[in-house]
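From the sequence below, what's the structure:
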Amino acid sequence: MNTEIANRLYQYRKRSNFSQEELADKLGISRQAVSKWERAEASPDTDNLINLAKLYGVSLDDLINNDPPDIKEENKENTQEEQDNKSTEQSSDENQSAKKKSYVNIGKDGIHVEDEDESVHISFKGIHVEDNDETVHIGLDGIHVQDKFGESVYVGKDFKDEIKKEFRCEVNRLKPKWADIPIGIITVIAYILMGVYFGWWDTAWIVFFLIPIGHGIINAIRKRSTSEIPVFMIITATYFLMGYLAGSWHPGWVVFLTIPIFHWLLK
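Down below sits the predicted model:
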């Protein structure tokens, strides 16, 4: 945005006796956004231009192309004085805002929080954090970090993919070989053999409990966590073994009452 339009926005605001903070509240934006407009560092979008024109009671064309009537004469008489007054007012507005410890704005464009020299902006574009020492932006394209000396670090998709790849390689390297035992295949083969050679088709199916039990025990060893032990599956398999081998369906069901005890002991 050019400096002429920025100057007109400033003039219309002062003509309406609004501080930067008051105007920002009416528009639902941050005070820094208004300040950037008036310093020609950023441009208001179409919706904000329309709202400004309505607020000042002028047309959109006048807001952009024409100075306020009472300002035109003053500009002709003493341009330098007007510029000095502008700088003084901007400094006064900024000092007044600096005295305010915090500022929070929640609107359609996101969440904006400012606390003295620190600010946080959260929107669909990502998360933007600034302070005196560094600036951090987290978005869909990655993470950008820049310090006060101008040095920056970028972590993008390629870098994250490389980290994931290295992490998977490290996990595979540390994983013991026995952790890859094909328990499911071994169990199926064992069941077929017991059925063919011994005719235990109706009872040998209990061996399929070995699949979740085996994987659970392997995970418990790998993670060094007793909470991974599949206590319920072990108790259930024990109950069926007692029922088929010893006919102890009753009172064999009592073994299920030990489940909470085992969970308590394995914590």
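
what about Val129, which SS state?
Secondary structure, DSSP: H, G, I helix; E, B strand; the rest coil: Val129 is strand.

Now do the contacts for it.
Glu118, Ser119, Val120, His121, Thr135, Val136, His137 (C-beta atoms under 8 Å, 6 or more residues apart in numbering). (Glycine included, C-beta is placed from N, CA and C.)

Check what pLDDT it gets.
Val129 is assigned 81 on the pLDDT scale.

wait, what's in contact with Met194?
Trp200, Ala204, Val207.

Wasn't it part of a helix?
Yes - per three-state DSSP, Met194 lies within a helix segment.

So, low pLDDT: which residues of the stretch 1-150 of the chain?
Residues of the stretch 1-150 of the chain meeting the criterion pLDDT under 70: 1, 69-103, 116, 148-150.

could you redo the last one with a cut-off of 50?
98-100 (pLDDT under 50).

Strands of that one, residue ranges please.
With strands called from DSSP state E, counting those that start in this stretch, the stretch 1-150 of the chain shows them at 103-107, 110-115, 118-123, 126-130, 134-139, 142-147.

and the next element down the chain from the helix or strand harbouring Ile218?
Assigned by DSSP states H and E, Ile218 belongs to helix 210-223. Next along the chain after helix 210-223, taking DSSP H and E as the criterion, comes helix 231-246.

Please name every helix or strand in contact with the following helix or strand past that next one.
Remark: after helix 231-246, the chain's next helix or strand is helix 249-252, criterion DSSP H and E. Judged by 3 or more C-beta pairs under 8 Å, 6 or more residues apart in numbering; DSSP states H and E, helix 249-252 is in contact with helix 231-246.

what is the orientation angle of the helix it packs on with helix 210-223?
Following axes from the mean of the first three to the mean of the last three C-alpha atoms, to 10 degrees, one obtains 140 degrees for the angle between helix 231-246 and helix 210-223.

got the contact list for helix 231-246?
203, 206, 209-210, 212-213, 216, 248-249, 252-253, 255-256, 258-259, 262-263, 266.

same check, this time on stretch 25-32
18, 20-21, 24, 34, 48, 51-52, 55, 93, 97, 103, 105, 107-109, 112, 114, 119.

out of those residues, which are buried?
Applying 16 or more other C-beta atoms under 10 Å to those, the neighbour count classes 18, 20-21, 24, 34, 48, 51-52, 55, 93, 97, 103, 105, 109, 112, 114, 119 as buried.
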